[in-house]
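1. One predicted model, sequence on top.
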Amino acid sequence: MVNDRGQLYTIEGIAAALIMLFSAYLVLSATSVYTPGDTHISDMQLEQLGTDALRMMNTPINSSSSASPLQDILYYNGVQGEFNGAGFNTIFLNYVNNETGSKIDNAPNGLHYNATVSYYDIANETTGTLPFYANSNLTGGEHPVRVTEWVIVNKTFPGGGGTDVKPRAVLVEVLLWRD
Amino acid sequence: MAGLNDDAQWIVLMGFVVSFSLFFLAMLLNQSTLVGQTTAEGVLDFPKNDIRDVKDVIIASSQYSGDPSKFAIIQEDITALALSRKEAVVTYSLVTTPTSTDSHTRISIHYNNGVTEYNEYWTSL
């Protein structure tokens, strides 16, 4: 008769191994590693933030005002090729840095942007892009997202657009990044 | 196995069954993250904000529907800028303008960025 007391130890050993494997699996799966392929998650958040800020700016403040703040900023008393960039800077940074609770001023999130305005040059049949405002320069190392907003503004634009003032549709483009 | 006590074999067998089922569950869990990621990417690919924006500006331009020259300039701006700056084909046309019997403005909107195509027949309130 062979002594079979070792069987109990074997079962115990297997059970212990299973428990250890399972806990190791739980621990490893509880954390996720942020790989370069996952940057689209934070990109999406930044894109939504920028889009929302621009949409808010392109909405009239109340029912009695016919133009939105963004339309007023672009109109800038009808000066051709120029916009109220400083005014855009104030409102845009205020919106994208908005947060609950107490707030530290001057871009606490390290959000930077570079805004331009694209318009259609009717006579030359090309699109032109004018500088709008930037609170930081692009050096090439950044990883920006691009957000846009269509605006109808009642002024003339450079190129062969004619001299009589007519409502035009322009595209405000903002490159937004965080560092 | 003559003379051996084989009571424990059942316990070992059950242990194997449990461990295999655990493996199976772990694989399911692993696949679920992959599925979630592709779904999220599918949502990202859909140009929700682009369509909404272009629709809004077209609707805003309908206030000039009474003046064909103003309306046509905005139409040209939107089509040209959407193609060169947003990589999307956007065309729209005024179907009806308000008359004394029918106060509605109707615009048919077409958007296509190569991946997503969107058509809308918009009627004003």
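-> The structure has been received and is ready for your questions.
2. show me what contacts residue 81?
-> Picking chain A for this. A:Leu130, A:Phe157, A:Pro158 (CB atoms under 8 Å, 6 or more residues apart in numbering or on different chains). For every residue, glycine as well, the C-beta is placed using N, CA and C.
3. The chain in question should be chain B.
-> The contact partners of B:Leu81, taken as CB under 8 Å, 6+ apart, are A:Ser118, A:Tyr119, A:Tyr120, A:Thr127, A:Ala169, A:Val170, A:Leu171.
4. Which helix or strand contains it?
-> Under the criterion of DSSP states H and E, B:Leu81 resides in helix B:68-85.
5. Skip ahead from that helix and say which helix or strand is next.
-> strand B:89-96.
6. So which elements touch the next helix or strand after that following strand?
-> Next helix or strand after strand B:89-96 toward the C-terminus (DSSP H and E): strand B:106-112. Contacts defined by 3 or more CB pairs under 8 Å, 6 or more residues apart in numbering or on different chains; DSSP states H and E place strand B:106-112 against helix B:48-61, strand B:89-96, strand B:117-123.
7. What is the distance between the helix or strand that contains B:Gly36 and the centre of its chain?
-> Per DSSP H and E: B:Gly36 is located in helix B:8-45. For helix B:8-45, the separation from the chain centroid amounts to 29 Å (computed by CA atoms, centre = their mean, to the nearest Å).
8. How many residues are close by residue 47?
-> If you meant another chain, say so; for now it's chain A. 17 (other CB atoms under 10 Å in any protein chain shown).
9. That was the other one, I meant chain B.
-> By the criterion of other CB under 10 Å, B:Pro47 has 18 neighbours.
10. gap between the helix holding B:Leu81 and the chain center?
-> Using CA atoms, centre = their mean, the mean C-alpha position of helix B:68-85 is found 25 Å from that of the whole chain.
11. Correct me if wrong: A:Asn97 contacts A:His112.
-> No. Between A:Asn97 and A:His112 there is no contact under CB atoms under 8 Å: 11.3 Å.
12. Name the nearest residue to A:Asn137, ignoring sequence neighbours.
-> Nearest residue to A:Asn137 in three dimensions, chain neighbours excluded: A:Asn114, at 7.4 Å (CB to CB, 6 or more residues apart in numbering or on different chains).
13. which residues sit in contact with the one you found?
-> By CB under 8 Å, 6+ apart, A:Asn114 lies in contact with A:Ala134, A:Ser136, A:Asn137, A:Leu138, A:Pro144, A:Val174, A:Leu175.
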